[in-house]
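In: the following comprises the amino acid sequence and a computationally predicted model.
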Amino acid sequence: METYRDIKTPIGKMRITANENSLTAITLINTKEGDPISESSSSAILDEAEKQLQEYFAGTRKQFDLPLDWGDMPEFRKHTLQTAAQIPWGMVITYGDLAKLSGNDLAARACGSAMANNPFMIVVPCHRVIGSDNALHGFSAEGGLNVKQQLLEMEGVEFKNGKVVR
């Protein structure tokens, strides 16, 4: 049985979803100003995920330690997401770099697709993957590229003329 919790964050309302053993999703959800936060049942996994996410937004957590349920996700996507989870706080890499790290130099577009289908926003930091031109590309979460830039700026990444300064 899955449970969920909605939490307020600086980038909007997030929904954390878990089963008995691990997280199954972390997503931004579309809300209107003043929408109430949904009630949720008690869960140690949800408690810990909320705690770690709030620490991240406070700038005190740089890496997550949460059990993730990868389900029956295709192996390349899972491997790519697990590789992306290792990108350090405040660092960015290109889709091409991620492809190389994932074991297939020619799979930059496939890596982009994996990032677009990331079920674990923030914990798997797809926001840290940028285009080879140092511009922000493809962020499918609510708020799009504005949220991606906000997250990167929160981590200390600098921008000039809409591109990451590296």
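Out: Sure, I can see it. Residues are numbered from 1 along each chain as shown.

In: quick one: the strands in this structure?
Out: Remark: strands assigned in the chain by DSSP state E are 3-9, 12-18, 23-28, 93-94, 129-130, 159-160, 163-164.

In: let me know which of those is tucked in deepest.
Out: strand 129-130 (a mean of 25; mean count of other C-beta atoms under 10 Å). In short, each C-beta sits where N, CA and C put it, glycine included.

In: which other helices and strands contact that one?
Out: Contact here means 3 or more C-beta pairs under 8 Å, 6 or more residues apart in numbering; DSSP states H and E; on that basis strand 129-130 packs against strand 93-94, helix 95-101, helix 108-116.

In: centre of the chain to it, how far?
Out: Its chain's C-alpha centre and that of strand 129-130 lie 12 Å apart, by C-alpha atoms, centre = their mean, to the nearest Å.

In: partners of that strand in the sheet?
Out: Each strand that pairs with strand 129-130, with its direction, by DSSP bridges: strand 93-94 (parallel).

In: where does pLDDT dip in the chain?
Out: By pLDDT under 70, the weakly predicted segments of the chain are 31-41.

In: so in it, which helix runs the longest?
Out: helix 44-58 (DSSP state H).

In: tell me what angle it forms with strand 3-9.
Out: 10 degrees (axes from the mean of the first three to the mean of the last three C-alpha atoms, to 10 degrees).
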